[in-house]
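In: Fold the stuff below for me.
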Amino acid sequence: VITKGNPVNTFFSYRFKGLSPVDGGPLFYDYKENPERLYGKNKHDIFTYAGYQNAGYDDGYDDGSGFQDDPFSETSAAANHRVKAQQAQDKRRKKKKVRIAIIVVVVLALLVGEFIVLMDHWVSPPSLSGGLSDGNPDDGITTNTEGRKKGCYTFLIAGKDRAAGLTDTVLVGMLDMENKSLKFVSIPRDTAVNVAYRPKKMNQYYAAAENNGRDGVEAMLAGVEKLLGYRVDSYAIFDVEVFVELIDAMGGIDFDVPVDMDYEDWGQDLSIHVSKGYQHLDGYEAMGVFRFRNSYANGDIGRIDVQHQMLKAMTSQFLKLHNIPNLNKLIDIYEKEVITNLSAGNVMFYVKEFLKLDESAIGFETIPANYNGVKNGMSYVFIHVDEWLEYLNTWLNPYTTEITSANVDILYESNGQVVATSGTVQGPNKW
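Out: Residues are numbered from 1 along each chain as shown. Got it, this is the predicted structure:
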């Protein structure tokens, strides 16, 4: 029978085989003061035991405490004293380590705060463009260089194929920090544009310039200016293959693919084979979904709708992560592979402001137009000028002055004819 008793002052550790108190610890024998008592791991838990003489003790047992098991050895007593002193010293060291850890945490917090301050100095907004156009950006004349709305930044994003340099994906947009909104508008590849060559399509600007020894970027910016009525502040033009790297750097994307997609184009080294349904896509699969348009009844417009859904999924994933672990890798890809006027600090500015937005404040639209237009047997998209100007002034105008038809140069349909807001359709052989 083991019963709890009173603590004693003097003890030697004497380990018994096969005995343990109710707390699950080892039993020790109090040799000098009370030979009929045992105590547990807690020296204040005393137990009375009858018949200990027949139990024997274990000379080879080591519980890891450092105490010696032989109660009759002076060496054991000295060793036990050293162990107790060491344990007390270890406790003091632990307390000191805790204090040091607290100090380190405080210092790190201060350093992080300082880093955030430095980060704010490093992050820089992009430069602003000159002002509203006079409708003819080729002459380099702009008007209303003053009067920018506070906190508004405009941009162009264009994706081109590596084989021909055609920009089949074109988006313009504006970040409005005051109203906390971010709007994107897609301009279809077949949108009619007022140029002297054929075909007069949006996706030709970059390739036509590059193939004739001119600056493709400048041609693209000037072409977009004709539709917007102003020069965008920032631009990013990239090969569609870079899209693969960017998605992979994000860890892929979860997306509901609307249809089975099977398409081969050996000339572009393009192979698309993605099944319908919700799934996780890697960069190459996402790029295939982004470019696919063969099964859509409305062709390129159907593709744009899917692109908008994918971009929404990407922004949603980005906002939920709040901070992409591979952000440095994304910026590295951006700086090396994208044609842009944005520095790393400018990119971080957009990222920082983007993360402040609510998901519902980010919108994607397609420019209002007749998407089924035809001219000389070729498909064209003809912009609805009045609807476009209304949307433009509501969501994409960074100036306090209203944009009018005098600021743009847009081809549109009127009484069965294609005319230009500038008054002249360019080119000797117009179509």
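
In: Please make it C-alpha for all contacts and neighbour counts, starting now.
Out: Noted.

In: Quick check: Met314 is in a strand.
Out: No - counting by DSSP: H, G, I helix; E, B strand; the rest coil, one finds Met314 to be helix, located in no strand.

In: so it touches Ile253, yeah?
Out: Yes - the criterion here is C-alpha atoms under 8 Å, and Met314 meets it with Ile253 at 6.7 Å.

In: got any ranges where the stretch 101-250 of the chain has weak pLDDT?
Out: Within the stretch 101-250 of the chain, the set of residues satisfying pLDDT under 70 comprises 101-122, 130-146.

In: residue boundaries of the strands in it?
Out: Using DSSP state E, counting those that start in this stretch, the strands of the stretch 101-250 of the chain run over 132-133, 142-143, 152-160, 169-176, 181-186, 234-239.

In: out of those, deepest packed?
Out: Mean neighbour count (mean count of other C-alpha atoms under 10 Å) peaks for strand 132-133 among the strands of the stretch 101-250 of the chain, with a mean of 27.

In: what about Glu264, distance to Arg162?
Out: Separation of Glu264 from Arg162 (C-alpha to C-alpha, to the nearest Å) stands at 16 Å.

In: more neighbours, these two?
Out: Neighbour count, other C-alpha atoms under 10 Å: between Glu264 and Arg162, Arg162 has more, with 14 against 11.

In: gap between that one and Gly267?
Out: Taking C-alpha to C-alpha, one finds Arg162 at 11 Å from Gly267.

In: now Val242
Out: Distance, Val242 to Gly267, by C-alpha to C-alpha: 18 Å.

In: Those two: who's more crowded?
Out: Neighbour tally, Val242 and Gly267, criterion other C-alpha under 10 Å: the higher count belongs to Val242, 19 against 7.

In: In contact with that one: list those residues for me.
Out: Val242 sits next to 333, 337-338 when contact means C-alpha atoms under 8 Å, 6 or more residues apart in numbering.

In: repeat for Asn341
Out: Listed by C-alpha under 8 Å, 6+ apart, the contact set of Asn341 reads 234-236.

In: can you redo these as JSON lines with distance to Thr167?
Out: Below are these laid out as JSON lines (distance: C-alpha to C-alpha, whole Å):
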{"residue": "Ser234", "distance to Thr167": "17"}
{"residue": "Tyr235", "distance to Thr167": "13"}
{"residue": "Ala236", "distance to Thr167": "12"}
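
In: nearest to Thr394, of these?
Out: Using C-alpha to C-alpha, the shortest approach to Thr394 within the contacts of Asn341 belongs to Ser234, at 19.9 Å.

In: Need the pLDDT of Ile253.
Out: If you check Ile253, the pLDDT there is 92.

In: Can you add distance to Ala249 and give the strands of the stretch 101-250 of the chain back as a markdown table?
Out: Shown next, in a markdown table, are those (distance: least, C-alpha to C-alpha, whole Å):
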| stretch | distance to Ala249 |
| --- | --- |
| strand 132-133 | 37 |
| strand 142-143 | 40 |
| strand 152-160 | 18 |
| strand 169-176 | 21 |
| strand 181-186 | 23 |
| strand 234-239 | 16 |
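
In: and of those, who's closest to Val408?
Out: strand 132-133 (7.2 Å).

In: Now do the helices in the stretch 151-300 of the chain.
Out: Along the stretch 151-300 of the chain, counting by DSSP state H, counting those that start in this stretch, helices occupy 205-211, 216-228, 240-249, 283-291, 300-321.

In: Please work out the angle formed by the directions of the second one and strand 152-160.
Out: Note on geometry: by axes from the mean of the first three to the mean of the last three C-alpha atoms, to 10 degrees, helix 216-228 and strand 152-160 are set 120 degrees apart in direction.

In: who does helix 216-228 touch, helix- and strand-wise?
Out: If you count contacts as 3 or more C-alpha pairs under 8 Å, 6 or more residues apart in numbering; DSSP states H and E, helix 216-228 packs onto helix 205-211.

In: give me the low-pLDDT residue ranges for the stretch 301-431 of the chain?
Out: For the stretch 301-431 of the chain (pLDDT under 70), the answer is 319-325, 429.

In: the strands in it, which residues?
Out: So, for the stretch 301-431 of the chain - with DSSP E, counting those that start in this stretch - the strands run 339-340, 362-366, 369-375, 378-383, 411-414, 417-420.
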